[in-house]
Structure formats: structure tokens, C-alpha cells
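# coords below, sequence missing:
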């Protein structure tokens, strides 16, 4: 009976999160700190809102942990309340809590990785997605997400892209199935902009993008998407997910298997120059 109760409880928690009812602790902690700093400054919610160009309702929602503070809100509040940067220190945690619960642990690892190798057979990888492409994906979620959650998930995905230009620059590699690039997500305009975005990122000196051509036949990526990372402590980890469940792999033997598969995929995919030319042709076809 205890197993059944735990399973039901876990499902209920996940359902609440998908519907926006389960509020992250990082938002509540930020809200309590904001309230403390506001009261210390002798301001009510209306006065703080006017000073930072937000409504009283928005300030109240952030203080109550019902809504995450955006970076612009945090910068303004930190300045007006003379907080010395303490609110800005929490911003990354606030943003990370917008991500699906199953992905948050890996997001912490990813943010500090010195290298990241990503194979994606079905979709454009999240670090390369445009806002419109990401929003189209979240809008098609089953069960449906409410608009506020779609906005938060989209913001969080775009926020992860800071990794592309983080200092020191990480070494990033992406292998994308040609079918994933051609599969329409959103309108033709959305896809054209997405292909252009992939080309822009591929031109960065710390990024390599390769395309696995259609009809290549069997290859080690047929088992699904995965990521291999090296942490700043030079520990190697792997990550994969399916149907809203994510798994971080730390066992060295298993991680080695993922790394071996990635190396094989790299050898079977188009090289960087060939891949860029293929995507350029796709842009020209639209």
C-alpha cells in the first residue's frame, strides 16, 4: 500500500507542476527576501512597483512566490532597494526553477560544463532553438500547459543558451538528424528562422554542428537522444530523457559507452562544412 500511495503522490505532484500549481521553493525564498528588503527600505508594494515600473499586483505576486522575477525586475529592485546584489545572486535559481522538475539537476551540471556533446534525432537541440520554435514545442505539450507555464518554459530554455558564450568558452558539439531539421515545428517562417539560427551558432568558434543525413541506415543513435558532458572538475557524465523523465548517468563504464557511441556518430555524420551547406540549401528551398 505504501508504494501505491507514494506513486499516486508523485503523480499528483507532477500534475500540479505541469498545471502551474506546485510553486518552486526558489521563488518563495526570493519573494521573502524581496519583502524583507522592501520593508527595510520603508516602502509598500505600490511604492516599490512605481519605483521599478511594475504594478503593485506584479510585486505582490513575486513576493508571494506565485510568479518568478525576471532579470529586469531583479536589477531594478536591487538598485532601488540598495540590496547590494543579493537579489541578483538568486536570479539563476529563480530562472532554473522555471525548467521542468526532471531537468533541473542536469541544468546545474550543464551550466558549468567544460564540454558538452549532444545527439538529437527528433528535434533541434534546446541550446540551438529560437523562441518561436521552443514556444511551438511547449504549446503542443500533452497534457496542455497553461500560457504562463509556456512563457516560463520558453524563457528558461532561452536562458540556458547563455552557455554558448559563457566564459571560459565550453567546447560544444551537436549532431542533429536531418529528419529533425526538416520536421516542421510551427510555420515555414519559424523553421526558416530556426535553420538560420543553427547556422549562426555553428559559426561560433567553440561550436560544431553536424547533420546525420537521412537514410544513413543503422547507426548508434537509433536508441535515442543523449548528451555527454565533462564537468569543471573533469568528471564525465551522460544524460538522456524520454517522456518527461530524465536520467543523469555517472557510472564510468556506462558513460564510456555513451562517449563511444558519440564518437561513432561523429564519424558517420556529415562533417561541419557539409552540414552547413545542407542547412543553407534548406534555407534556400523555403
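Here it is on my side, so go on. The shown structure was predicted, so the numbers you read here are calculated from the model rather than taken from an experiment.
# Please identify the buried residues of the host helix or strand of residue 48?
In this assignment (DSSP states H and E), residue 48 forms part of helix 45-52. Neighbour counts using 16 or more other Cβ atoms under 10 Å place 45, 48-49, 51-52 of helix 45-52 among the buried residues. Glycine gets a C-beta too; all of them are placed from N, C-alpha and C.
# again with stretch 103-119
103-104, 106-107, 109-110, 113, 116-119.
# pLDDT (mean, whole number) over it?
Here stretch 103-119 scores 96 as its mean pLDDT.
# what's the span of that stretch, first residue to last?
Terminal residues of stretch 103-119 lie 17 Å apart, using Cα to Cα, to the nearest Å.
# hang on, the earlier thing: next secondary structure element downstream of the helix holding residue 48?
helix 56-63.
# Next, the angle from that next one to helix 45-52.
Between helix 56-63 and helix 45-52, the angle comes out at 100 degrees (axes from the mean of the first three to the mean of the last three Cα atoms, to 10 degrees).
# Touching whatever helix or strand comes next after helix 56-63 from outside, list them.
Elements were assigned by DSSP H and E; along the chain past helix 56-63, the next helix or strand is helix 71-80. With contact meaning Cβ atoms under 8 Å, 6 or more residues apart in numbering, helix 71-80 is reached by 34, 37, 41, 48, 51-54, 58, 62, 69, 83-88, 90-91, 94-95.
# circling back to that earlier point, helices or strands next to the helix holding residue 48 in the packing?
If contacts are counted by 3 or more Cβ pairs under 8 Å, 6 or more residues apart in numbering; DSSP states H and E, helix 45-52 sits against helix 56-63, helix 71-80.
# mind running it again at 10 Å?
helix 25-40, helix 56-63, helix 71-80 (3 or more Cβ pairs under 10 Å, 6 or more residues apart in numbering; DSSP states H and E).
# counting contacts, what elements does the longest one pack onto?
Helix 25-40 is packed against helix 45-52, helix 56-63, helix 71-80, helix 86-96, with contacts defined by 3+ Cβ pairs under 10 Å, 6+ apart.
# and those as TSV, adding mean pLDDT and distance to residue 256?
Below are the helices and strands packed on helix 25-40 laid out as TSV (pLDDT from 0 to 100; distance: least, Cβ to Cβ, whole Å):
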stretch	mean pLDDT	distance to residue 256
helix 45-52	97	51
helix 56-63	97	45
helix 71-80	96	39
helix 86-96	94	29
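# tell me what the host helix or strand of residue 105 is packed against?
Using DSSP H and E, residue 105 falls within helix 104-111. Packing contacts for helix 104-111, counted by 3+ Cβ pairs under 10 Å, 6+ apart, involve helix 86-96, strand 115-120, helix 147-160, strand 226-230, strand 236-242, strand 245-249.
# OK, contacts around residue 205?
residue 169 (Cβ atoms under 10 Å, 6 or more residues apart in numbering).
# I'd like the numbering to begin with 39 instead of 1 from here.
Let's use 39 as the start, then, which means that last one is residue 243.
# okay, it: pLDDT?
97.
# What residue spans form the domains of this structure?
63-134, 139-323 (automatic domain parsing).
# Next, the contact list for residue 238, please.
166, 245.
# Need phi/psi at it.
phi -60, psi -50 (degrees, to the nearest 10).
# Tell me how far it lies from residue 225.
Separation of residue 238 from residue 225 (Cβ to Cβ, to the nearest Å): 20 Å.
# Just the buried residues of the contacts of helix 109-118.
72, 75, 86, 89-90, 92, 96, 100, 107, 121, 125, 128-129, 132-133.
# what's the farthest-apart pair in these?
89 and 133 (23.1 Å; Cβ to Cβ).
# Just the terminal-to-terminal distance for stretch 155-165.
Per Cα to Cα, stretch 155-165 runs 12 Å from first to last residue.
# Going by neighbour count, which residues of that stretch are buried?
Neighbour-count burial for stretch 155-165 [16+ other Cβ under 10 Å]: 155-159, 161-165.
# Ok, stretch 237-255 next?
In stretch 237-255, counting by 16+ other Cβ under 10 Å, buried: 237, 239-240, 245-251.
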